Structures are given as C-alpha cells and as structure tokens.
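Asker: only geometry, no sequence info:
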C-alpha cells in the first residue's frame, strides 16, 4: 500500500503571471498620470510666462470711470417693487381672518362633552381637557351636584 499513488490530481492549478496582473489597467493609469503631468507642466509654463512678462492687465484703471447706463432705471424699478411689496404687506396685515378659532374651540368643547356622555370612563384627549375637567369638577361642587368617585 505504501507504493500506491493517487489516480486523482488534487494539487492547486498553476498560476500564470499574465493573469495575476492587470497590465492593461496599469498601462491606462500610467498614461493618465503622464497626461496630468504634461497638463500641469503646460499650465506652470503659462503662469511663469505671465509673471515674467507682466502681461496680465492688473493695472487697469478704466473700471473706476465706468458708469452703468441703466443704473437710474434699475433704481426706479427697485423703488417701484419695494413700494408694491410694502402695499401688499399692509393689505395682508389689515385683512380680516377667514377662520374663527373661537368657534373651533367651542365646537371642540361641545364635541368633548358628547364624548364624555358616551363613555363610561373619563377620557383625556389633551391638555385642555384636563384643565376643563378640573374646572367642571369645581363648578359641580359649587352647584351642589354629587361628584363621581373612581376607585383604583
């Protein structure tokens, strides 16, 4: 048995070097970096030429004498828009509201009363109902009505 060999090859397959590295990707990256270097060098040469020959127009004083031809028209338009905006604001501030929040509160109180009449246990809808319930309890004791006692 010691001299018997396997009939199945279970060794790892050979690794080929051209499949290990992605040479095309490396080549494209090198070309890209070379192009970037070339562009940077070109820009640097342009900047140095500008600095050496003082070809930039940094001493241009013509801007201080220039006047806008439409300056007055723009000012008039701005005044007109501002006055129109102020008029709209005044009308909005003087307008009567279309919603009556007092009637909304009264409807909510009436609705809560209906809810209390339908429920067996006391309900708590929100912070207003707690204050209102305390107020009604005080009014009930003042009017001589018996108060309901709830056991825990």
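Answerer: Good, I have the coordinates. Nothing here was measured: the structure is a model prediction, and the numbers come from that model.

Asker: next helix or strand past the helix or strand that contains residue 42?
Answerer: If you go by DSSP states H and E, residue 42 is part of helix 23-53. Remark: after helix 23-53, the chain's next helix or strand is helix 71-94, criterion DSSP H and E.

Asker: Report the distance from that next one to the chain centre.
Answerer: Put simply, helix 71-94 sits 31 Å off its chain's centre (C-alpha atoms, centre = their mean, to the nearest Å).

Asker: quick revisit: return the list of helices and strands in contact with the helix holding residue 42.
Answerer: In terms of contacts (3 or more C-beta pairs under 8 Å, 6 or more residues apart in numbering; DSSP states H and E), helix 23-53 is packed against no helix or strand at all. Where C-beta positions appear, they are placed from N, C-alpha and C, glycine not excepted.

Asker: thinking in terms of the whole chain, how far from its middle is that helix?
Answerer: Relative to its chain's centre, helix 23-53 lies at 40 Å (C-alpha atoms, centre = their mean).

Asker: Just give the number of residues close to residue 112.
Answerer: Using other C-beta atoms under 10 Å, residue 112 has 17 neighbouring residues.

Asker: Mind pulling up the pLDDT for it?
Answerer: For residue 112, the pLDDT comes out at 87.

Asker: State the distance from it to residue 104.
Answerer: Counting by C-beta to C-beta, to the nearest Å, the gap from residue 112 to residue 104 is 13 Å.
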